[in-house]
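S.K.: What follows is a protein structure lacking sequence information:
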């Protein structure tokens, strides 16, 4: 999450985000209408995620994010809310999950909690 101003908004991503995201740094598969991409997910919460892709993503497009992390193994529909190029020529993007079923939301929240706990243990040196 950046503390740099979001272009045209006068606020930072941290200011706009109502719910903190957990750092992830995992590879996920994103399925666009015409291709599958491997992306690196930087952070996520139950509402969405921030990712980096080698290929540009189209703002306002809807795609599937395939989560394969036991017990999660299902695609989530997501809207590309914003994109911006990175200094190394990649595409950074923010996605919002769409119409997540309650059982999927529970599994997603459990997954995020596990990631958060692992991060906390890592910070504590254990």
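M.R.: Happy to help now that I have it. Because the structure is predicted, anything quoted here is derived from the model rather than measured. Residues are numbered from 1 along each chain as shown.

S.K.: quick one: which helix or strand includes residue 80?
M.R.: Using DSSP states H and E, residue 80 falls within strand 72-85.

S.K.: in stretch 85-102, what counts as buried?
M.R.: 90, 91, 92, 93, 94, 95, 97, 100 (16 or more other C-beta atoms under 10 Å). C-beta coordinates here come from the backbone N, C-alpha and C atoms, glycine included.

S.K.: what's the lowest-pLDDT member of those residues?
M.R.: Comparing pLDDT over these, the lowest score belongs to residue 100 (87).

S.K.: tell me the contacts of that residue?
M.R.: 46, 76, 108 (C-beta atoms under 8 Å, 6 or more residues apart in numbering).

S.K.: how about TSV for these, with distance to residue 120, pLDDT and neighbour count added?
M.R.: What follows is the contacts of residue 100, written out as TSV (distance: C-beta to C-beta, whole Å; pLDDT from 0 to 100; neighbours: other C-beta atoms under 10 Å):
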residue	distance to residue 120	pLDDT	neighbour count
46	18	83	16
76	25	87	22
108	19	84	22
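
S.K.: Hey, what's the angle from the biggest helix by length in the chain to strand 72-85? Just curious.
M.R.: In the chain, with assignment by DSSP state H, the single longest helix is helix 102-123. With axes from the mean of the first three to the mean of the last three C-alpha atoms, to 10 degrees as the basis, helix 102-123 and strand 72-85 are set at 70 degrees to each other.

S.K.: which strands and helices sit next to helix 102-123?
M.R.: When contacts are defined as 3 or more C-beta pairs under 8 Å, 6 or more residues apart in numbering; DSSP states H and E, helix 102-123 packs onto strand 22-31, strand 62-69, strand 72-85.

S.K.: From the contact counts, what lies against the strand holding residue 80?
M.R.: So strand 72-85, by 3+ C-beta pairs under 8 Å, 6+ apart, packs with strand 48-53, strand 62-69, strand 91-97, helix 102-123.
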